[in-house]
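> Structure, please.
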Amino acid sequence: MPTVLNIIISFIFLLLFLPFFILIILIILFYSGFPIFYYQERIGFKNKKFLLIKFRTMGINNTEHATSNITNVGKFLRKYSLDEIPNFINVLKGDMNIVGPRPLLVEYLELYTEDQLKRHDVKPGITGLAQVNGRNKIDWNEKFNYDLDYVTNRSFLLDIKIIFKTFKMVFKNNNNDFNKKIIAKKFKG
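Have a look, this model is predicted:
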């Protein structure tokens, strides 16, 4: 999908859902306090680092760092992928597209094979082939295969299909299987 279209769709989405966005902010403030957003360094296009923006879903310890404890509000936000709504800000900033491989943590970069690095030949996305084909229900090699398949076969039509399938999954709530055990060695194929 062309960059301009990504920006237009993201702007319209954020504008239409502004009241919902504000409601989530107020709920987080009321139940969890500050900070509202969680920023995490990720790898994007051409292996460049950027800060991914999400709604905060974890508790905060006394040093203002996120803990591993997911709050009750956070569980709800994650269940329906609402914590990822601020990713549209990343699209507006040019860090991401709506569709593409999900951006992974910086520390995983050194574990990629040469072939897996090709996932960074396109901008990362809010959703992608791996997300609509199992998300956390598939192993890392399958995720990378879907990412590479997307990089090789990306098209406007494929992006539209992925977007519609994403909405379908979110509304059916088939999109989440919280995999709390990320084992980095699974990256090697």
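> Run through the strands of the protein in chain order.
37-43, 49-55, 58-60, 66-70, 97-99, 125-127 (DSSP state E).
> Return the list of helices and strands in contact with the fifth one.
Same thing as strand 97-99. The helices and strands touching strand 97-99, judged by 3 or more C-beta pairs under 8 Å, 6 or more residues apart in numbering; DSSP states H and E, are helix 3-16, helix 87-93, strand 125-127, helix 156-172. Quick note: C-beta positions are derived from backbone N, CA and C, even for glycine.
> and the angle for the longest one with helix 3-16?
Right, the one you point to is helix 156-172. Angle, helix 156-172 to helix 3-16, by axes from the mean of the first three to the mean of the last three C-alpha atoms, to 10 degrees: 20 degrees.
> Which neighbouring elements make contact with helix 156-172?
strand 97-99, strand 125-127, helix 129-132.
> ok, now with 6 Å
Under the contact definition 3 or more C-beta pairs under 6 Å, 6 or more residues apart in numbering; DSSP states H and E, helix 156-172 sits against helix 129-132.
> Name the nearest residue to Tyr80, sequence neighbours excluded.
Closest residue to Tyr80 in three dimensions, ignoring its sequence neighbours and counting by C-beta to C-beta, 6 or more residues apart in numbering: Val170, at 6.4 Å.
> Repeat that for Arg154.
Val122 (6.4 Å).
> Ok, Leu129 next?
Among residues not flanking Leu129 along the chain, Tyr146 sits closest, at 4.0 Å (C-beta to C-beta, 6+ apart).
> where are the low-confidence patches of the chain?
61-68, 173-189 (pLDDT under 70).
> Ile85 - nearest residue in space that isn't next to it in sequence?
What sits nearest to Ile85 in space, not counting adjacent residues and going by C-beta to C-beta, 6+ apart, is Phe21, at 6.3 Å.
> what's the distance between that neighbour and Met96?
17 Å (C-beta to C-beta, to the nearest Å).
> what about these two, which has more around it?
Met96 (27 against 18; other C-beta atoms under 10 Å).
> That one contacts Val122, correct?
No: taking contacts as C-beta atoms under 6 Å, Met96 lies outside contact range of Val122: 10.3 Å.
> ok, Ile85 to Phe55 distance?
Ile85 is 7 Å from Phe55, by C-beta to C-beta.
> Specify which residue of the two has the higher count of neighbours.
Legend: neighbour count by other C-beta under 10 Å for Ile85 and Phe55, higher for Phe55 (24 against 20).
> Could you tell me which residues make contact with that one?
The contact partners of Phe55, by C-beta atoms under 6 Å, 6 or more residues apart in numbering, come to Ile24, Leu77, Asp83.
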